[in-house]
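[1] pasting a predicted model and its sequence here:
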Amino acid sequence: MNHSVDISKGKLLLAEPFMLDPHFKRSVIFLCEHQMEGSLGFILNKPLKMRVDRLVADFPEFNARVYYGGPVGTDTIHYLHRSGDIIDDSLPMGNNVYWGGNFEKLKFLIQSEVIKPRDIKFFAGYSGWSTGQLAEELHIGSWITAEMDPNYLFSVPPKKLWSKVLEVKGDTYSVFANIPDHLSWN
């Protein structure tokens, strides 16, 4: 496989099939920042057993799960959404996906039922890499890169996301997509 890849914000990183790190095993990460100083993204396919309105004080009732975004800053909440045209200060990530924005405006739009759970994903923590770290991990084959499709974030069930992205990539990757999570050696 070619590991000299063009990586930039708005791309996906998929854990290679045999990665054992429990934080990242079979994870799909949406990259929101990739600069000389480092990189930052959110794991899209690790839902937690908690709702955002039960986690964040003074939040309107909202039946939206929180996802494990990564092992860094797990006491912070982040969000990806498709409402950048109405949430002030949202950062465009491409493909009609936005990161963050004015939190008070977000709460107002949720309270007003303008934003629905299908329009947004919340993350506790994030995945981060220091200068050169992600490039090194890509070079040794820890990650497979892929193009982002908003359906991956808003429509594909989390348990199926890793396999789905690999299937869409095709070729050898579609074979990886069908490798069972727990291999048996008998």
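    Looks like it arrived, so ask away.
[2] show me the contacts for Ile86.
    For Ile86, the contacting residues are 105, 109, 114-115, by C-beta atoms under 8 Å, 6 or more residues apart in numbering. Where you see a C-beta, it was placed from the backbone N, CA and C, and this is true even at glycine.
[3] figure out how far the lengthiest helix in the chain is from the centre of its chain.
    In terms of residue count, the longest helix belonging to the chain (DSSP state H) is helix 158-169. Distance of helix 158-169 from the chain centroid (C-alpha atoms, centre = their mean, to the nearest Å) equals 13 Å.
[4] can you spell out which helices and strands pack onto the very next helix or strand once past that helix?
    The helix or strand immediately downstream of helix 158-169 is helix 171-177, counting by DSSP states H and E. Here helix 171-177 touches helix 158-169, going by 3 or more C-beta pairs under 8 Å, 6 or more residues apart in numbering; DSSP states H and E.
[5] so Leu20 versus Phe108, what's the distance?
    43 Å (C-beta to C-beta, to the nearest Å).
[6] of those two, who's got more company?
    Each of Leu20 and Phe108 has its neighbours counted (other C-beta atoms under 10 Å); Phe108 has more, 14 against 7.
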